[in-house]
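S.K.: A predicted structure for the sequence below; I have some questions about it.
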Amino acid sequence: MTDEILEGAMRPPVTEATDRVLRIPALSLVVLVGPSSSGKTTFARTHFAPFETISSDFCRGLVSNDENDQAATQDAFQLLHFLTAKRLARGLLTVIDATNVQREARRPLVELAHRYQTVPVAIVLDLPARICETRHEARPDRAFGVYVIRRHRTQLHESIDSLGVEGFQHVSRLRSEADIANIIIERQPLENDTAH
């Protein structure tokens, strides 16, 4: 399996690992990164508790009554950042379920992690385009075309090598459905966990 991990900006952007266990600090801001229909929401539901995940779609629904209302995106992300700050201030692991394929979308999340002395972690779901597009076509709730997925993938690949430079301390890139299905996430306590 491919579990490519990069820690910090000084290491190469991708290193191979054979261990299917992904270890993250217990106090992390986990940023899921991937095109629409790459499985981020399912991944979050599988590996994290319900209240640990903040979804941009859910926030969009809260502010507009429609998870697909793109006109509500700015308000939705203001809410997402507000809720993230409140959780991190309480010392709670938090997962961001949004595409996060653009550097400018990730920047405020890294800033929040640093502000609350939380480890920023990126988990990249980089599935082949045909898988994302097939899933998208099977989702009646998605009103946009597959061209959006293609744009997301282009944006992801243009910026993926900068994740360490952006400030993410752990980066895991999963390239196949098997990688995603087989991954196990373990939380590792921080040395100063007693402070939280």
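M.R.: Happy to help now that I have it. Worth saying up front: this structure is predicted, and the values here are computed from it rather than measured.

S.K.: for the closest residue to residue 48 other than its chain neighbours, name its beta-bridge partners.
M.R.: Distances taken as C-beta to C-beta, 6 or more residues apart in numbering put residue 95 closest to residue 48, at 5.0 Å, once the chain neighbours are dropped. All C-beta atoms are positioned from the backbone trio N, CA, C, and that covers glycine. Residue 95 has the following beta-bridge partners by DSSP bridges: residue 30, residue 53.

S.K.: my guess is residue 95 contacts residue 55. True?
M.R.: No: contact criterion C-beta atoms under 8 Å: residue 95 and residue 55 do not qualify, at 9.0 Å.

S.K.: the two: which is more packed in?
M.R.: Higher neighbour count among residue 95 and residue 55: residue 95, with 24 against 21, using other C-beta atoms under 10 Å.

S.K.: can you show me the helices along this protein?
M.R.: 40-47, 56-64, 73-89, 103-115, 129-137, 146-159, 163-166, 177-182 (DSSP state H).

S.K.: residue closest to the middle of this structure?
M.R.: The centroid of the chain falls nearest to residue 32 when counting by C-alpha atoms, centre = their mean (0.9 Å).

S.K.: residues in contact with that residue?
M.R.: 40, 43-44, 95-98, 100, 123, 125 (C-beta atoms under 8 Å, 6 or more residues apart in numbering).

S.K.: hmm, try it at 7 Å
M.R.: In this structure, residue 32 makes contact with 40, 43-44, 95-97, 100, 123, 125, judged by C-beta atoms under 7 Å, 6 or more residues apart in numbering.

S.K.: give me the buried subset of those.
M.R.: Buried subset of the contacts of residue 32 (neighbour count, 16 or more other C-beta atoms under 10 Å): 40, 43-44, 95-97, 100, 123, 125.

S.K.: going by distance to residue 165, which of these wins?
M.R.: Nearest to residue 165 among the buried ones among the contacts of residue 32, counting by C-beta to C-beta, is residue 100 at 15.5 Å.
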